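Visitor: Kindly return the folded structure for what I paste below:
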Amino acid sequence: MDIRAVTAAATSAASDGKAKDEAALRHKAQDLEASFLAEMLKYTGLGKSEGGFDGGVGEEQFSSFLVDEYANKMVKAGGIGLAESIFKSLQKGAEHAE
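Guide: Alright, predicted model coming up:
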(Lines give C-alpha, C1' and ligand atoms only; values in the text may rest on other atoms or scores of the structure.)
Protein backbone atom coordinates (compact mmCIF):
# COMPACT_ATOMS: atom_id res chain seq x y z
CA MET A 1 0.00 0.00 0.00
CA ASP A 2 1.47 3.38 -0.90
CA ILE A 3 1.51 6.46 1.32
CA ARG A 4 -1.29 8.18 -0.63
CA ALA A 5 -3.68 5.31 0.04
CA VAL A 6 -2.84 5.30 3.75
CA THR A 7 -3.26 9.08 3.95
CA ALA A 8 -6.57 8.93 2.11
CA ALA A 9 -7.82 6.17 4.42
CA ALA A 10 -6.78 8.13 7.52
CA THR A 11 -8.41 11.31 6.21
CA SER A 12 -11.60 9.40 5.41
CA ALA A 13 -11.69 7.84 8.88
CA ALA A 14 -11.11 11.21 10.52
CA SER A 15 -13.87 12.86 8.49
CA ASP A 16 -16.24 9.97 9.29
CA GLY A 17 -15.48 10.43 12.99
CA LYS A 18 -15.99 14.17 12.72
CA ALA A 19 -19.29 13.68 10.89
CA LYS A 20 -20.47 11.30 13.62
CA ASP A 21 -19.44 13.78 16.30
CA GLU A 22 -21.26 16.60 14.52
CA ALA A 23 -24.37 14.44 14.13
CA ALA A 24 -24.29 13.62 17.85
CA LEU A 25 -23.86 17.31 18.75
CA ARG A 26 -26.71 18.30 16.44
CA HIS A 27 -28.94 15.62 17.98
CA LYS A 28 -28.18 16.87 21.50
CA ALA A 29 -28.88 20.45 20.42
CA GLN A 30 -32.24 19.38 18.98
CA ASP A 31 -33.05 17.52 22.20
CA LEU A 32 -32.35 20.68 24.20
CA GLU A 33 -34.55 22.76 21.91
CA ALA A 34 -37.34 20.18 22.21
CA SER A 35 -37.07 20.27 26.02
CA PHE A 36 -37.26 24.05 25.98
CA LEU A 37 -40.27 24.04 23.67
CA ALA A 38 -42.02 21.40 25.79
CA GLU A 39 -41.65 23.59 28.86
CA MET A 40 -42.99 26.59 26.99
CA LEU A 41 -45.95 24.57 25.70
CA LYS A 42 -46.73 23.42 29.24
CA TYR A 43 -46.96 27.05 30.34
CA THR A 44 -49.51 27.73 27.61
CA GLY A 45 -51.80 25.14 29.17
CA LEU A 46 -51.48 22.64 26.33
CA GLY A 47 -52.52 19.20 27.52
CA LYS A 48 -54.68 20.45 30.39
CA SER A 49 -58.25 19.27 30.27
CA GLU A 50 -61.17 21.55 30.89
CA GLY A 51 -64.60 20.67 32.10
CA GLY A 52 -66.11 18.11 34.43
CA PHE A 53 -65.34 15.01 32.38
CA ASP A 54 -61.59 15.04 32.47
CA GLY A 55 -59.39 11.96 32.56
CA GLY A 56 -58.15 12.56 36.08
CA VAL A 57 -54.65 11.71 37.22
CA GLY A 58 -53.98 9.39 34.27
CA GLU A 59 -54.70 12.10 31.76
CA GLU A 60 -52.44 14.54 33.58
CA GLN A 61 -49.58 12.04 33.52
CA PHE A 62 -49.95 11.13 29.85
CA SER A 63 -50.52 14.69 28.66
CA SER A 64 -46.80 15.36 29.22
CA PHE A 65 -46.03 12.74 26.53
CA LEU A 66 -48.30 14.61 24.12
CA VAL A 67 -46.59 17.92 24.88
CA ASP A 68 -43.16 16.33 24.42
CA GLU A 69 -44.22 14.87 21.08
CA TYR A 70 -45.53 18.25 19.90
CA ALA A 71 -42.19 19.80 20.86
CA ASN A 72 -40.24 17.11 18.97
CA LYS A 73 -42.40 17.61 15.88
CA MET A 74 -41.81 21.36 16.07
CA VAL A 75 -38.04 20.81 16.17
CA LYS A 76 -38.17 18.41 13.22
CA ALA A 77 -40.15 21.01 11.27
CA GLY A 78 -37.42 23.60 11.81
CA GLY A 79 -38.09 24.72 15.36
CA ILE A 80 -37.34 28.25 16.45
CA GLY A 81 -33.64 28.24 15.58
CA LEU A 82 -32.46 27.49 19.09
CA ALA A 83 -31.00 24.09 18.14
CA GLU A 84 -28.71 25.68 15.55
CA SER A 85 -27.39 28.20 18.07
CA ILE A 86 -26.82 25.47 20.63
CA PHE A 87 -25.12 23.29 18.00
CA LYS A 88 -22.72 26.07 17.03
CA SER A 89 -21.86 26.68 20.69
CA LEU A 90 -21.27 22.97 21.30
CA GLN A 91 -19.17 22.77 18.15
CA LYS A 92 -16.98 25.69 19.28
CA GLY A 93 -16.57 24.10 22.69
CA ALA A 94 -15.55 20.79 21.10
CA GLU A 95 -13.00 22.56 18.88
CA HIS A 96 -11.46 24.34 21.87
CA ALA A 97 -11.29 21.09 23.81
CA GLU A 98 -9.11 19.46 21.13
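Visitor: Every contact and neighbour count from this point should use C-alpha atoms.
Guide: Fine.
Visitor: Show the residue spans covered by the helices in the protein.
Guide: Assigned by DSSP state H, the helices in the chain fall at 3-43, 56-76, 82-97.
Visitor: Mean pLDDT added to those, as CSV?
Guide: Shown next, in CSV, are those (pLDDT from 0 to 100):
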stretch, mean pLDDT
helix 3-43, 76
helix 56-76, 87
helix 82-97, 87
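Visitor: got those helices as CSV, with mean neighbour count columns?
Guide: Below are those laid out as CSV (neighbours: other Cα atoms under 10 Å):
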stretch, mean neighbour count
helix 3-43, 15
helix 56-76, 15
helix 82-97, 14
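Visitor: got a list of what residue 33 touches?
Guide: Shown in contact with residue 33 (Cα atoms under 8 Å, 6 or more residues apart in numbering): 75, 79, 82-83.
Visitor: Quick check: the two most widely separated of these?
Guide: Among the contacts of residue 33, the pair separated by the greatest distance (Cα to Cα) is 75 and 82, at 9.2 Å.
Visitor: Find the centremost residue of this structure, please.
Guide: residue 30 (1.9 Å; Cα atoms, centre = their mean).
Visitor: OK, contacts around the closest residue to it other than its chain neighbours?
Guide: Using Cα to Cα, 6 or more residues apart in numbering and skipping the chain neighbours, the partner closest in space to residue 30 is residue 83 (4.9 Å). Neighbouring residues of residue 83 by Cα under 8 Å, 6+ apart: 26, 29-33.
Visitor: The same query, at a cut-off of 6 Å, please.
Guide: For residue 83, the contacting residues are 29-30, 33, by Cα atoms under 6 Å, 6 or more residues apart in numbering.
Visitor: Quick check on residue 44: phi, psi?
Guide: phi -80, psi -10 (degrees, to the nearest 10).
Visitor: Check the gap between it and residue 21 for me.
Guide: 35 Å (Cα to Cα, to the nearest Å).
Visitor: now swap in residue 35 and tell me
Guide: Computed as Cα to Cα, the residue 35 to residue 21 distance reads 21 Å.
Visitor: how close does residue 77 get to residue 86?
Guide: Applying Cα to Cα to residue 77 and residue 86 gives a distance of 17 Å.
Visitor: I misspoke; the intended subject was residue 63.
Guide: From residue 63 to residue 86 the distance is 27 Å (Cα to Cα).
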